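[1] Pasting a predicted model and its sequence here:
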Amino acid sequence: MQNTAPAPEATVVEARIQQHRRYLMCRPEHFTVSYTINPWMEPANPTDTALAVRQWQALYDTYLALGHEVQLIDPIEGLPDMVYTANGGFVIAGVAYGAKFRFQERVPEGPAFMEWFRDNGYEVVDPREVNEGEGDFLLVGDTILAGTGFRSTGDSHSELRDVFGKEVVSLTLVDPRFYHLDTAIAVLDPVQGPGGVESANIAYLEHAFDERSQAVLAERYPDAIRVSDADGAVFGLNSASDGLNVIISPRAKGFEAQLRERGYNPVLVDLSELLLGGGGIKCCTLELRR
Ligand SMILES: CN(C)C(=N)NCCC[C@H](N)C(=O)O
């Protein structure tokens, strides 16, 4: 008798390609939580600066072990959030669009980062509009996804478009726990081929966005990984990917499994102490694109 049962579907796992990265980080020597500008910060809870430094060092060592390059900006006393370098600007092709922070407590960080960029050979664009750098702007392939709702303004998205001449897609965040775009979206793999960007994918937390933005993301990224609230709430998406290795929080168990299924290599680094300031792996990592 002829067997008419359909052949079992083969699971195709794409081969992932590691890309070299250059990052800017800041040792959290002055880390503490002395004010509240996001729902995670609770000045009454004690912080352990030595532990924050050890955890940060583990992230730094991980990047080096994976073959990436890390540059450092000196921490400044009285600016405890400077460890979250992702907020210090947005850099593409040697051009650094500076940050202009929403809250007074972080305002002095803007010029400090711009000075570092200048001293290190970047062309600096002094921003007119309030924006918190790569915390709210993510390069996915050749498109910039730009967050608003809590920190960066919609006007900064227009400024960003003028500065880089790229497509900028505005997305509105609605859940105060996910106040920067990089808490709600992880960029997984902008793969550059000889003819430009060949593929780009993301992971995201759907309900961190308003309905319009959810529709935009669903249409643009049909293959995206959608993560659970539980994984989002431990800053699972606040991760750094080199196209193959994805550095994530060890608490994001579901996301870890989803990444493995897709052929990525999750690398677990615990930044629990820095979570007290409302930041995770990606927040401590600014990509320097030459
Ligand atoms: C992903 N996130 C949140 C970041 N990119 N940055 C962390 C900033 C934390 C700082 N206390 C603040 O509230 O600004």
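    In hand now; what should we look at? Numbering: from 1, shown residues only.
[2] quick one: Gly154 from the ligand, how far?
    Here Gly154 is placed at a distance of 19 Å from the ligand (CB to the nearest ligand atom, to the nearest Å). Any C-beta I mention is one placed from the backbone N, CA and C, and that applies to glycine too.
[3] Contacts only, for the residue nearest to Val95 when sequence neighbours are not counted.
    Spatial nearest neighbour of Val95, excluding adjacent residues (CB to CB, 6 or more residues apart in numbering): Glu123 at 4.9 Å. For Glu123, the contact set (CB atoms under 8 Å, 6 or more residues apart in numbering) comprises Gly94, Val95, Ala96.
[4] likewise Glu132?
    Counted by CB under 8 Å, 6+ apart, Glu132 has contacts Asn87, Ala99, Phe101, Arg102, Arg151, Ser152, His180.
[5] Looking at per-residue confidence, what score does Ala200 get?
    As predicted, Ala200 sits at a pLDDT of 85.
[6] Then Asp270?
    Per-residue pLDDT puts Asp270 at 98.
[7] tell me, how many neighbours does it end up with?
    15 (other CB atoms under 10 Å).
[8] Distance check, Leu66 against the ligand.
    Distance, Leu66 to the ligand, by CB to the nearest ligand atom: 21 Å.
[9] next one: Gly98
    Gly98 sits 16 Å away from the ligand when distances are taken as CB to the nearest ligand atom.
[10] Not counting sequence-adjacent ones, nearest residue to that residue?
    Met114 (4.4 Å).
[11] What residues does the chain have near the ligand?
    Within reach of the ligand by CB under 6 Å from any ligand atom, the chain has these residues: 37-38, 41, 81, 84, 86-87, 106, 135, 180, 182-183, 238, 277-279, 282-283.
[12] quick one: low-confidence ranges for the stretch 101-250 of the chain?
    Scanning the stretch 101-250 of the chain for pLDDT under 70 picks out the ranges 191-199.
[13] ok, now with 50
    By pLDDT under 50, the stretch 101-250 of the chain contains no weakly predicted segment.
[14] ok but the residue nearest to Gly98 is inside a strand, no?
    No. Under DSSP: H, G, I helix; E, B strand; the rest coil, Met114 sits outside any strand and is assigned helix.
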